[in-house]
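*Asks:* model the following, please.
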Amino acid sequence: MQSNITYKRIWQVAYPIILGSVAQNIINVTDTAYLGRVGQVELGASALGGMFYFVFIMLALGFGTGTQIIIARRFGEGNSHAIGKTFDHALYFMIPLAIISFSILYFLSPLILRPIVASDSIYKGTLEFIDYRVYGIFFAFGQILFRSFYIGITSTKVITWSTLVMAGVNVILDYVLIFGKFGFPEMGIGGAALASTIAEAFALAYLIIYTWGRHYKKKYDLFSFLRFDKSLFGRNFYLAGPIMLQNFLSLGVWFAFFLFVEKLGEQSLAVSNIIRSVYIVLMIPIWGFAAAANSLVSYVIGLRQSDMVFLLIRRIITLSFLGVLGFVLLSYAFPSQIISVYTNDIQLIKAAIPVLHVVNIGALALSIGFVLFNGVIGTGKTIVSFIIEVSVLTIYLTFVYVVINVFNASVVEVWIAELVYGIFLISFSWLYLKKGNWQGNKV
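*Replies:* Numbering: from 1, shown residues only. A predicted model of the protein is given here:
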């Protein structure tokens, strides 16, 4: 059993996800860097539009995480047939969810955003972004389901390749559509959104072709669509529902964070969008190791080796912290050079550097907190993880509201909220894993 949780084994599961995150962040960096050359309004509007879009993506990601935990548990048990059945029943839920999410974004965005966005120019830019980005919801949901399958069976290299396809298509189309090159119209912020949507379609097509070509469909009975199993569907939803809601609330709160920052002015919002992009890069190792944590914890429990969970989590935390530390040291050494990737505005660069220093510390805290939290998710106790997330988000949002509305804080002080979030996530997650009753939990 020891060989199943060695540093090498953890790395084998995590590194393709990390490389996939690198490719995904090429999209984020490219969008921000190009739009930073267009203007502060476009930079800020793309931040709000992207956050609003990803609130709905996080619903699908939550359901996908629940599916991933079940697939990993069945994989640990050696039950291949049940893996395909779980995948198919997840699809029964994902398709209606995608239709509902698309409808809300397409029809209700103006009604939702107009009362909460102060700047008219930011509001108009955000709607233009969403008008093109909304069609990507179907492709993104499909990618999430395939991602859950491949992480669940610990075969994660394909995630890297599909994301590289997406990043490559996005980088090329960003340049062509934002600036109007090679005879295409100059679309600005709409071009960035359309480029991302097309790139997501290419990535999903790659995953479908790969799955058929490698015979995973036959091996795991994918897309068999046997008789609807009400019990399996209910169990999947019972496990995934709390994760969906916590993901929705998590990104919803971060969206609210940017709405609070928008009240500080267009420059503060532009600075925060730059920092958001850098922050996501700092999070690259964290996401990879967090995904490995919830999948491997579930896998180990499926092998009836719950006593090895703490050793597994400690080793994942070590790798996660060291991975983030490397990014942080580079960030401290070359702050102006990093921020200048996103903008050539000297004032924005100077304003962003102190915020970057704060975010570096927050990322180190999250390198521990996210692994512990995903360890809780991997046990299958998703209602507990939901309670933890809601508790931490309440503290986080209260902090942001108070420092802005009571103490009139600067954008630097507002971003201390990320450190607050990390500290409480570590505390609550560790406390449950140490004291909670999760051993042998069935999913």
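*Asks:* contacts and neighbour counts: CA atoms only from here.
*Replies:* Fine.
*Asks:* which helix or strand contains residue 186?
*Replies:* Here residue 186, judged by DSSP states H and E, is contained in no helix and no strand.
*Asks:* now it. Nearest residue, chain neighbours left out?
*Replies:* In this structure, residue 186 finds its nearest non-sequential neighbour in residue 180, 3.6 Å apart by C-alpha to C-alpha, 6 or more residues apart in numbering.
*Asks:* if I look at the one you found, how far off is residue 127?
*Replies:* 20 Å (C-alpha to C-alpha, to the nearest Å).
*Asks:* next: residue 277.
*Replies:* 21 Å.
*Asks:* now the helix or strand where residue 63 lies: how far from the chain's centre is it?
*Replies:* Residue 63 belongs to helix 40-77 when assigned by DSSP H and E. From the chain centre to the centre of helix 40-77 is a distance of 5 Å (C-alpha atoms, centre = their mean, to the nearest Å).
*Asks:* which parts of it are buried?
*Replies:* Buried residues in helix 40-77, counted by 16 or more other C-alpha atoms under 10 Å: 40-76.
*Asks:* that one packs against which elements?
*Replies:* On a contact count with 3 or more C-alpha pairs under 8 Å, 6 or more residues apart in numbering; DSSP states H and E, helix 40-77 meets helix 7-38, helix 80-113, helix 120-133, helix 136-152, helix 230-262, helix 266-282, helix 284-302.
*Asks:* can you give me the neighbour number for residue 368?
*Replies:* The tally of other residues near residue 368 (other C-alpha atoms under 10 Å) stands at 26.
*Asks:* which helix or which strand is home to it?
*Replies:* helix 346-378.
*Asks:* that helix - what's its average pLDDT?
*Replies:* Averaged over helix 346-378, pLDDT sits at 93.
*Asks:* over to stretch 277-284?
*Replies:* Stretch 277-284 carries an average pLDDT of 83.
*Asks:* what residue ranges in this protein are flagged as low confidence?
*Replies:* Across the chain, the ranges flagged by pLDDT under 70 are 1-4, 20-26, 28, 440-443.
*Asks:* can you give me the end-to-end distance of stretch 404-413?
*Replies:* 9 Å.
*Asks:* can you get me the centre-to-centre distance for it and its chain?
*Replies:* Relative to its parent chain, stretch 404-413 has a centroid offset of 27 Å by C-alpha atoms, centre = their mean.
*Asks:* and the helix holding residue 63 with helix 230-262, angle?
*Replies:* For helix 40-77 against helix 230-262, the angle by axes from the mean of the first three to the mean of the last three C-alpha atoms, to 10 degrees is 150 degrees.
*Asks:* can you check what angle separates helix 40-77 from helix 80-113?
*Replies:* Going by the same axes, to 10 degrees, helix 40-77 makes 160 degrees with helix 80-113.
*Asks:* circling back: make sure the residue nearest to residue 186 is actually in contact with residue 192.
*Replies:* No. Here residue 180 does not reach residue 192: they are 11.2 Å apart, not a contact under C-alpha atoms under 8 Å.
*Asks:* between these two, which has more neighbouring residues?
*Replies:* Remark: of residue 180 and residue 192, residue 192 carries more neighbours, 29 against 16, as counted by other C-alpha under 10 Å.
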